[in-house]
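Visitor: Following is a predicted model, sequence given first.
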Amino acid sequence: MNPNIAKISSLLSDPSRSSILLTLMDGRIHPAGELAYLANIKPQTASFHLKKLLEEELISVEKHGRHRYYRLSDSDAANLIEQLLHIATKSQVKSLKESKEKRDLHFARTCYDHLAGYVGVQMTNSLVEQGIIKKVDVNFEVTSEGSLFFSNLGINEEQQRSKRRAFARCCLDWSERQHHIAGALGNALMVRMLEEEWVVRMPKTRAIRITHSGKNAFEKYFKVNI
């Protein structure tokens, strides 16, 4: 049986559902009330849309008592949304607030569970230039020098390879029009940055703030000046 592309397309064409999915692109879980607030819709309307997204397995839900928390179902769903953002017509900026939000997202953001935006692309390009990773078709491969690099960074390469997902996928960045590193290795890098507080999440947005120590770390480890 062929996949029902029309049904998925109709789900994503609704502005409220699109807003919910974009919020969930930060890789975190969100309560229904927060998703309704950020999409500027009523809780009952959000429940309707969330049910539709659950039926098509674009999102998953966790129940804790009377509360439900939602997240994207997996990295495949996130990749689908990221690719659609790449070809979508850019919306017009209507206020200074929207201009700042757009600028922050373009600079550094989460793409589900890895780093994207200008910073993510610059980091990836630098890793390629340093010979730490190399691009092979639609994936990145770690070189022998790269294995030592990631080990020194505290990332267990074999552990990441053993996960049931792509190891180091090329993810097309919708704002930079270049690839950044995704998959298990991209996530491991993001986790490490958060643990070391090189980056911090910004509230109610996918944008990521690079800390002072993070700027030093990016220059030291990734040879990227921010």
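Guide: Sure, I can see it. A quick note: this is a predicted structure, and the numbers were derived from the prediction, not measured. Numbers count the residues shown, from 1 in each chain.
Visitor: Buried residues, stretch 197-209. List them.
Guide: Neighbour-count burial for stretch 197-209 flags 198-199, 201-202, 205-208 (criterion: 16 or more other CB atoms under 10 Å). Glycine gets a C-beta too; all of them are placed from N, C-alpha and C.
Visitor: for stretch 145-155, same thing?
Guide: Using 16+ other CB under 10 Å as the test for burial, stretch 145-155 gives 146, 149-150, 155.
Visitor: Serialize these to JSON lines and add fields for secondary structure, pLDDT and distance to L58.
Guide: What follows is the buried residues of stretch 145-155, written out as JSON lines (DSSP: H, G, I helix; E, B strand; the rest coil; pLDDT from 0 to 100; distance: CB to CB, whole Å):
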{"residue": "G146", "secondary structure": "helix", "pLDDT": "98", "distance to L58": "34"}
{"residue": "F149", "secondary structure": "helix", "pLDDT": "98", "distance to L58": "35"}
{"residue": "F150", "secondary structure": "helix", "pLDDT": "98", "distance to L58": "32"}
{"residue": "I155", "secondary structure": "coil", "pLDDT": "98", "distance to L58": "30"}
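Visitor: Pick the one among these closest to N225.
Guide: Relative to N225, the closest of the buried residues of stretch 145-155 is F149; by CB to CB it sits at 18.7 Å.
Visitor: Would you agree that closest one is in contact with S126?
Guide: No: F149 is not in contact with S126 according to CB atoms under 8 Å; the separation is 11.4 Å.
Visitor: show me where pLDDT drops low in this structure?
Guide: Counting by pLDDT under 70, the chain shows low-confidence ranges at 1-7, 88-94.
Visitor: Next, format the buried residues of stretch 197-209 as JSON lines and append distance to G120.
Guide: Putting the buried residues of stretch 197-209 into JSON lines (distance: CB to CB, whole Å) gives the following:
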{"residue": "W198", "distance to G120": "13"}
{"residue": "V199", "distance to G120": "10"}
{"residue": "R201", "distance to G120": "14"}
{"residue": "M202", "distance to G120": "15"}
{"residue": "T205", "distance to G120": "16"}
{"residue": "R206", "distance to G120": "12"}
{"residue": "A207", "distance to G120": "12"}
{"residue": "I208", "distance to G120": "9"}
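Visitor: Show me the two of the residues you listed that sit farthest apart.
Guide: Going by CB to CB, the pair spanning the buried residues of stretch 197-209 furthest: W198 and T205, at 18.3 Å.
Visitor: so where do the strands sit in this structure?
Guide: 30-31, 59-64, 67-72, 109-111, 114-116, 133-136, 139-142, 170-172, 179-181, 199-201, 208-210 (DSSP state E).
Visitor: possible to save these as JSON lines with distance to A78?
Guide: Shown next, in JSON lines, are the strands of the chain (distance: least, CB to CB, whole Å):
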{"stretch": "strand 30-31", "distance to A78": "14"}
{"stretch": "strand 59-64", "distance to A78": "11"}
{"stretch": "strand 67-72", "distance to A78": "5"}
{"stretch": "strand 109-111", "distance to A78": "7"}
{"stretch": "strand 114-116", "distance to A78": "9"}
{"stretch": "strand 133-136", "distance to A78": "20"}
{"stretch": "strand 139-142", "distance to A78": "17"}
{"stretch": "strand 170-172", "distance to A78": "9"}
{"stretch": "strand 179-181", "distance to A78": "13"}
{"stretch": "strand 199-201", "distance to A78": "16"}
{"stretch": "strand 208-210", "distance to A78": "16"}
